[in-house]
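In: Build the 3D model from these lines:
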Amino acid sequence: MKLNESLPQRIARLRAEGGWTQQELAERLAISRVAVSHIEVGMSHPSERTITLLAGIFKHEPGELVAGTNYPEAKMERLPAVACRYTEVEFQCALFERDLHWLRQIATSPDYTTLARNLHDHWALIFDSLRRSSQDLRERRLIAQTRQRGGI
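Out: Down below sits the predicted model:
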């Protein structure tokens, strides 16, 4: 984290570095775009819930996100030590990549074709379900990219 950076500046910077619009971030946080704007200009302090969600989105721990900023000490003490850093879609895509790696390791096995077909069918069902349940455009793109890499 940058030194001498206010929490509003930090949140705005991390959002921009991640390529998020205020509207996209607001949808992820289940708050309004105006609320995100107010946080980024310092008109309001985000709640502990919002800090925890922001930390996960930005792949940091809550304490890291607010360290060295003007975030109120009383709120800082109530932050959880860790935040969920990955969505279900990101997690499933990582598992799929692991399975592809495993499949490449056994490419010379006599059972390779059967195993590859079973793996393909298994993941096709999972990705279809994830795509149907996800409204997030970033996650839908991740699903499509992962499917394409895996030939599904």
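
In: ok, residue 127 - how many residues close by?
Out: Residue 127 has 20 neighbours, counted by other C-beta atoms under 10 Å. Quick note: C-beta positions are derived from backbone N, CA and C, even for glycine.

In: That one contacts residue 147, doesn't it?
Out: Yes - between residue 127 and residue 147 there is a contact under C-beta atoms under 8 Å: 5.4 Å.

In: in which helix or strand would I find the residue in the chain sticking out farthest from the centre?
Out: Distance from the C-alpha centroid of the chain, by C-alpha atoms, centre = their mean, peaks at residue 110 (38.3 Å). Per DSSP states H and E: residue 110 is located in neither a helix nor a strand.

In: Need phi/psi at residue 146.
Out: phi -70, psi -40 (degrees, to the nearest 10).

In: For the helix-or-strand element of the chain with minimal mean pLDDT, what is the distance to the chain centroid?
Out: Using mean pLDDT, DSSP states H and E, the weakest-scoring helix or strand in the chain turns out to be helix 73-76, at a mean of 91. With C-alpha atoms, centre = their mean, to the nearest Å as the basis, helix 73-76 stands 25 Å off its chain's centre.

In: And for stretch 88-97?
Out: Using C-alpha atoms, centre = their mean, the offset of stretch 88-97 from its chain centre is 11 Å.

In: what does it rub up against?
Out: 86, 123, 126-127, 130, 134, 136, 139, 142-143, 146, 149-150 (C-beta atoms under 8 Å, 6 or more residues apart in numbering).
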